[in-house]
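**Q** What follows is a predicted protein model with its sequence.
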Amino acid sequence: MAKFGKWIGAGLGAFAFGPIGAIIGFIAGSAVDAQKEGVKTTYRTTGQRPTTGGYVTSLLVLAAAIMKADGKAMKSELEFVRAFFTRNFGKESANEAIALLRDILKQNIPVNDVCWQIQGNMDYSSRLQLMHFLFGIAQADGEFHEQEVKLINHIGINLGINHDDYISIQSMFIKNIDSAYKILEITSDASNEEVKKAYRRMAMKYHPDKVSYLGEEFQQAAKDKFQKVNKAYDEIKKKRKIA
């Protein structure tokens, strides 16, 4: 059985029930009954800020789904997750997270149900950060597999991610001639003033403070997304010679 005391100890909150609770409970050897009195079985309800434990387990369950999408979990993908947790939480916590992830990978993951539970119990900024992390996993082996991209798109829809926001995050990883504009959620024919307004809007949407309640560790992860917005804006400014 995986050592996951840190993440369970941090509190699963609403994720102790439903499909995510069942997955973690099965690993722990004490499956959680999603039908307990007072527990809703429809999850499109709250959009509240998750506990750190709930966020981490949600992230690992979706990460496992992505890693299984092309039929095999790559070592590079596991190392991406390990590096993320080591960088943000330390080596011991990273080892616990990877042990838990390996156990999750052995299970069938009801992706739709998991996404609906996450959408109902996690605010929008946290869900956007999940999407950014999933693209990072898919890119870990140096290429994007069609099955992985399709599944991330499917997850995005079921997490209630706005289409423009999805394209913005996707464009941070899958580059084309208009990527900088897509990251700012505008088209290449936007005026300079529209470019400036778009940057201010996206900088506010992706600011690390939006997930500050998850702790400093996840704020560090959110900075990567924020920096890509700044880089896209700088690229457009340079091309257009915007002061």
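**A** Perfect, I can see it now.

**Q** Need the single longest helix in the protein, by residues.
**A** helix 216-240 (DSSP state H).

**Q** mean confidence for it?
**A** Averaged across helix 216-240, pLDDT comes to 88.

**Q** And it, what does it pack against?
**A** Where contact means 3 or more C-beta pairs under 8 Å, 6 or more residues apart in numbering; DSSP states H and E, helix 216-240 is packed against helix 75-89, helix 124-139, helix 179-183, helix 192-205. Where C-beta positions appear, they are placed from N, C-alpha and C, glycine not excepted.

**Q** Give the buried residues for it.
**A** For helix 216-240, the neighbour count (16 or more other C-beta atoms under 10 Å) marks 217-219, 221-222, 225-226, 228-229, 232-233, 236-237 as buried.

**Q** Ok, stretch 191-203 next?
**A** Buried, per 16+ other C-beta under 10 Å, within stretch 191-203: 195, 196, 198, 199, 202.

**Q** mind listing what the residue positioned nearest the centre of the chain touches?
**A** Centroid-nearest residue in the chain: residue 130, 1.0 Å away (criterion: C-alpha atoms, centre = their mean). Contacts of residue 130 were listed using C-beta atoms under 8 Å, 6 or more residues apart in numbering, and they are 58, 59, 62, 118, 122, 159.

**Q** helix or strand for the third one, which one?
**A** Using DSSP states H and E, the element containing residue 62 is helix 52-68.

**Q** Low-confidence regions, the protein specifically.
**A** Counting by pLDDT under 70, the ranges of the chain that qualify are 1-11, 28-47.

**Q** what about residue 95, is that helix, strand or coil?
**A** For residue 95, the assignment made with DSSP: H, G, I helix; E, B strand; the rest coil gives helix.

**Q** the domain parsing of this structure - what is it?
**A** By the assignment in automatic domain parsing, the chain contains the domains 1-160, 162-243.

**Q** just the angle between the helix holding residue 62 and helix 75-89, please?
**A** 160 degrees (axes from the mean of the first three to the mean of the last three C-alpha atoms, to 10 degrees).

**Q** now helix 52-68 against helix 124-139, angle please.
**A** 30 degrees.

**Q** I'd like to know which elements helix 52-68 is packed against.
**A** helix 5-9, helix 18-28, helix 75-89, helix 91-105, helix 111-121, helix 124-139, helix 146-158.

**Q** could I get those helices as TSV with distance to residue 51?
**A** Listed next are the helices and strands packed on helix 52-68 as TSV, based on distance: least, C-beta to C-beta, whole Å:
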stretch	distance to residue 51
helix 5-9	10
helix 18-28	12
helix 75-89	15
helix 91-105	16
helix 111-121	10
helix 124-139	11
helix 146-158	21
